[in-house]
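Undergrad: what's the 3D shape of this:
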Amino acid sequence: MSVGMIDTSRIEAMVAQLKAAAARATPAGANPISDSGLQAKPAPGAADFSTALKSSLDQVNQSQLQSQKLAERFEMGDSSVSLSDAMISLQKSSIAFQQTVQVRNKLVSAYQEIMNMGV
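TA: I've put the predicted structure just below:
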């Protein structure tokens with residue numbers, strides 16, 4: 001059946017596929033919502049968000065520390081460090097920091113949007 005420009009048979013087929021996939025993912029007789037409330041259980045092998053975020057922040061921190069050490073070595077006259085190497089390293093760490101700030105801003109914005117949603 002087609003309503004206007006929407007083919008409802010395709011939508012119904014997609015819903016049936018989603019229900020079949022959910023039934024395969026849920027063990028027989030198990031309730032997809034656990035007794036402990038609406039808390040979702042992480043999939044096996046899935047990365048925890050907080051772990052991934054901390055790892056990313058640690059990488060940005062290491063990048064900044066390494067570029068700072070490289071710049072200090074250049075300032076102290078280390079002949080093995082060129083100006084271009086020090087500047088490139090500083091720019092890479094600056095871009096990584098700016099990216100981290102933008103991700104933080106998006107997370108805060110998403111949090112505020114969720115908190116403002118009506119229930």
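Undergrad: can you pull the buried residues of the longest helix belonging to the chain?
TA: Selection of the longest helix in the chain by residue count, based on DSSP state H, yields helix 83-115. Across helix 83-115, burial judged by 16 or more other CB atoms under 10 Å covers 86, 89-90, 93, 96, 100. C-betas here are computed from N, CA, C, even on glycine.
Undergrad: just the helices in this structure please.
TA: 8-25, 49-75, 83-115.
Undergrad: and the angle from the second one to helix 83-115?
TA: With axes from the mean of the first three to the mean of the last three CA atoms, to 10 degrees as the criterion, the two stretches helix 49-75 and helix 83-115 enclose an angle of 160 degrees.
Undergrad: who are the packing partners of helix 49-75?
TA: helix 83-115 (3 or more CB pairs under 8 Å, 6 or more residues apart in numbering; DSSP states H and E).
Undergrad: can I get the helices of the chain in a markdown table including mean pLDDT?
TA: A markdown table is the format used below for those (pLDDT from 0 to 100):
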| stretch | mean pLDDT |
| --- | --- |
| helix 8-25 | 71 |
| helix 49-75 | 92 |
| helix 83-115 | 93 |
